[in-house]
Structure formats: C-alpha cells, structure tokens
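Engineer: Got a predicted structure plus its sequence, pasted below:
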Amino acid sequence: MFKNSASIMFFITLASGVMITISSNSWLGAWMGLEINLLSFIPILMNNNNVFTTEAALKYFLIQALASSSFLFFILMEILFKKITLNSNDFMITLLISSPLMMKSGIAPLHWWFPSVMEGLNWMNCLIMMTLQKIAPIILLSLLLNNILMNLISLTSILFGSIGGMNQLSIRKIMTYSSINHIGWMMSALMIGENLWIFYFTIYSMMSITFISAIKLLNISFINQISMLNNNLWTPKFMIFSLLLSLGGLPPFLGFLPKWIIIQILINNCMTFQATFMVVLSLITLYYYLRMCYSSFMILHSEPSWNMLTKMNNTPLNYSWLLLTSLLGLLLTPITIMFM
C-alpha cells in the first residue's frame with residue numbers, strides 16, 4: 001500500500017482530515033476536515049498504469065466535490081436563514097445538510113456511485129473506502145438527524161444493500177453492497193448509542209481487513225475463481241468462508257454479536273417491526289454470502305480438473321494472523337454469550 005514516502009504523507013493527512021472533522025466545533029471546520037480528507041485520498045487512488053483506477057478516481061472526485069460544495073452551500077444557507085427569519089424550517093434544512101453527507105458515505109438511496117467506483121480500485125483502496133472514509137460523514141449525520149430520520153435511513157440502506165448484492169458476480173461489488181447493508185446496521189447502532197456504534201464499526205473493520213487481506217493474498221476478484229483455487233490451500237479457504245459467514249451475521253460467528261445486541265435493544269424498546277425487517281433482510285444478505293462458498297461446503301460437488309496455481313508462499317507469517325482472526329470470529333461469540 002505504501003509505495004513511497006508521499007503515500008505515507010497522504011495517508012497521514014487523510015487520517016488527520018477525519019480527526020479534524022470529528023473534533024471540530026463548527027460546521028465550517030467540519031467541512032475543512034472533509035476537504036482535507038478528499039484531497040489526500042485522490043493521490044492515493046491514482047495509478048497511471050491502470051485506466052480503471054484513473055476512471056474510478058475521477059468519478060470519486062466529481063461526486064465528492066459535488067457533495068462538499070452542496071454541504072457548504074446548505075450550511076451558509078442555514079446561517080443566512082437564521083439571521084433573516086426567526087422561524088426557519090429546521091426539518092427541511094436538516095434534510096438538505098444531511099443529503100451531501102449521505103452521498104459522501106454512500107448511504108442509500110444516494111449510493112448509486114459507490115459500486116462503480118469500488119469496481120475500479122485495488123483492494124487496499126477498497127478497504128479504506130469501506131472503513132476509514134465512513135467515519136466522518138456518519139459522525140456528522142449523528143449530530144443532525146433525529147431518531148425517525150435515522151431509522152428511515154437505516155431501513156433504506158439495509159434494503160438496498162440486501163437486494164443489490166444478490167445478482168453480483170464481482171467480489172468488489174458484493175463487498176460494496178455489504179458495506180451499504182452494514183451502514184444501515186451502524187445507523188441503528190448510532191440511534192441507540194455511540195458506544196454501540198464504535199463496537200459495531202470496530203468488529204466490521206476487523207472482519208473487512210481480514211477478508212480483504214485473504215482475498216488479496218489469493219489474487220481473486222470474482223466468485224467463480226474461488227472454486228478454481230488449488231485444493232491444497234485449505235487454510236485461506238477456511239479463512240474466507242468463516243469471514244463470509246461472520247460478515248453475514250450467522251451465529252456463532254463474531255459478526256452475529258453486534259447484530260444480536262441491536263436486535264435485543266430494539267425489541268426491548270417496542271420496535272419489533274424494525275427488528276423483524278432487519279432480520280429478514282439479513283437473511284437475503286446471508287444468501288449471497290453463502291452463494292460464494294456453498295459449493296465448497298458440500299461433500300459431493302463438481303470441481304474443474306485444473307485449478308488455478310497461486311504464487312503464494314505457504315509460510316506461517318503470510319496468514320497466521322488471518323487464521324487467528326477467523327478463529328476468534330468463531331469462538332468469541334459463544335464465550336461472550338456465556339458470560340453475559
């Protein structure tokens with residue numbers, strides 16, 4: 001990921017832009033942090049040897065520039081309205097300010113740019129898009145939205161993220177719609193409390209880092225390439241399958257734990273319809289995760305007589321920590337349930 005000292009500098013300023021936005025006490029300071037974050041991420045995306053990466057970087061810059069200019073315009077409009085009139089429409093202004101933030105983070109229904117941009121990036125930039133780039137806009141949304149709007153955005157993101165990934169063959173697009181689905185769960189967690197959102201985001205980031213690291217080691221990008229892997233690579237296959245089930249929220253994997261806490265709190269607060277809706281759509285999400293690894297789970301399944309040979313050094317240093325994380329994803333949930 002860090003090819004030279006310039007990429008290290010851009011990554012540091014990228015993280016500092018997120019911190020400026022989070023710690024700012026004014027909307028103008030938050031906008032400045034978002035701009036620093038954007039201008040630092042564009043050079044990281046650029047790759048002169050890949051035309052798809054250049055196209056994705058251009059699309060990302062145009063969308064983010066449009067969202068940033070709209071965000072600044074609506075902030076100034078709110079300031080002017082409050083000076084001119086005493087009875088301003090706070091609900092409408094809240095919707096207008098939150099729309100650019102939803103576009104920046106890829107929250108449904110303003111997620112239309114997200115899959116096409118992710119398809120042209122390498123795996124490390126995809127990881128940054130799914131994790132680090134979500135923090136600042138979601139924190140700002142939590143300061144704006146009330147529980148009703150946050151509930152509506154949560155259900156919409158879970159719906160689009162579940163249905164959108166059903167007919168996808170690219171692993172990047174599947175992870176994109178999975179990220180949109182998880183954003184919906186994060187918005188529900190943020191509606192309950194900030195600590196629960198941090199807990200959910202930490203687990204999701206850990207699972208995403210481990211899964212993308214395993215996929216990057218195997219150098220695969222599509223579903224049909226998984227069945228063509230060398231049969232001797234059982235350890236990476238086990239890691240991928242356990243992490244996919246954990247991302248889908250299947251018990252007793254680690255990804256089930258934050259979803260179980262959110263569902264339990266929603267039911268205790270008499271929000272049974274929302275909890276039922278989220279659980280049913282999570283089953284759809286679990287379907288396209290299982291589609292990636294269902295054939296390898298079966299005892300009698302067809303495999304090609306020739307398999308892809310991956311140039312991967314089978315040493316413990318390559319994927320020992322990946323195996324440890326996938327095992328923790330399997331064992332940590334039942335241990336936590338026992339002590340709760």
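Structural biologist: Yep, it's here.

Engineer: residues in contact with Lys173?
Structural biologist: Lys173 makes contact with Pro115, Met118, Glu119, Gly165, according to CB atoms under 8 Å, 6 or more residues apart in numbering. (Each C-beta comes from the backbone N, C-alpha and C, glycine too.)

Engineer: which SS class is it?
Structural biologist: Classification of Lys173 by DSSP: H, G, I helix; E, B strand; the rest coil places it in helix.

Engineer: So of the contacts of Lys173, which two are at opposite extremes in space?
Structural biologist: Glu119 and Gly165 (13.1 Å; CB to CB).

Engineer: coming back round to it: which of the contacts of Lys173 tops the neighbour count?
Structural biologist: Of all the contacts of Lys173, the highest neighbour tally under other CB atoms under 10 Å goes to Gly165, namely 24 neighbours.

Engineer: For that one, which non-adjacent residue is spatially closest?
Structural biologist: Excluding its sequence neighbours, the residue lying closest to Gly165 (CB to CB, 6 or more residues apart in numbering) is Tyr177, at 3.4 Å.

Engineer: So the one you found, which state does it fall into?
Structural biologist: Applying three-state DSSP: Tyr177 is helix.

Engineer: ok, how many other residues are close to it?
Structural biologist: Tyr177, neighbours per other CB under 10 Å, totals 24.

Engineer: next one: Phe222
Structural biologist: 15.

Engineer: Between Glu119 and Gly165, which contacts overlap?
Structural biologist: Shared contacts of Glu119 and Gly165, defined by CB under 8 Å, 6+ apart, are found at Lys173, Thr176.

Engineer: The residue nearest to Gly165 contacts Leu159, correct?
Structural biologist: No: counting by CB atoms under 8 Å, Tyr177 does not reach Leu159; the two are 11.0 Å apart.

Engineer: Let me see the mean pLDDT of the host helix or strand of Ile153.
Structural biologist: When elements are defined using DSSP states H and E, Ile153 is found to belong to helix 147-164. Mean per-residue pLDDT for helix 147-164: 87.

Engineer: Which of the contacts of Lys173 fall in helices?
Structural biologist: Pro115, Met118, Glu119 (DSSP state H).

Engineer: these two touch, right, the last one and Gln168?
Structural biologist: No: look at Glu119 against Gln168 with CB under 8 Å: they stay out of range, at 10.1 Å.

Engineer: Which positions within stretch 16-34 qualify as buried?
Structural biologist: Of the residues in stretch 16-34, Gly17, Val18, Ile20, Thr21, Ser24, Trp27, Ala30, Trp31, Met32, Gly33, Leu34 count as buried by neighbour count, 16 or more other CB atoms under 10 Å.

Engineer: I should have written stretch 200-214 there, sorry.
Structural biologist: 200-201, 203-214.

Engineer: Going by distance to Lys134, which of these wins?
Structural biologist: Nearest member of the buried residues of stretch 200-214 to Lys134, counting by CB to CB, is Phe201, at 7.8 Å.

Engineer: Tell me the helices and strands packed up against the helix or strand containing the closest one.
Structural biologist: Assigned by DSSP H and E, Phe201 falls within helix 194-218. For helix 194-218, the packing partners by 3 or more CB pairs under 8 Å, 6 or more residues apart in numbering; DSSP states H and E come out as helix 123-130, helix 132-144, helix 171-192, helix 234-247, helix 256-268, helix 316-338.

Engineer: one more time with 7 Å
Structural biologist: helix 123-130, helix 171-192, helix 234-247, helix 256-268, helix 316-338 (3 or more CB pairs under 7 Å, 6 or more residues apart in numbering; DSSP states H and E).

Engineer: Could you tell me the least trusted of those helices?
Structural biologist: Across those, the lowest-scoring stretch is helix 316-338, with a mean of 53.

Engineer: correct me, but Ile158 touches Val279?
Structural biologist: No: taking contacts as CB atoms under 7 Å, Ile158 lies outside contact range of Val279: 10.0 Å.

Engineer: So which of these two has more stuff around it?
Structural biologist: Legend: neighbour count by other CB under 10 Å for Ile158 and Val279, higher for Ile158 (27 against 13).

Engineer: So what's the residue count around the closest residue in space to the more buried one that isn't next to it in sequence?
Structural biologist: Of all residues not flanking Ile158 in the chain, Gly184 sits nearest, at 3.5 Å (CB to CB, 6+ apart). Using other CB under 10 Å, Gly184 has 24 other residues around it.
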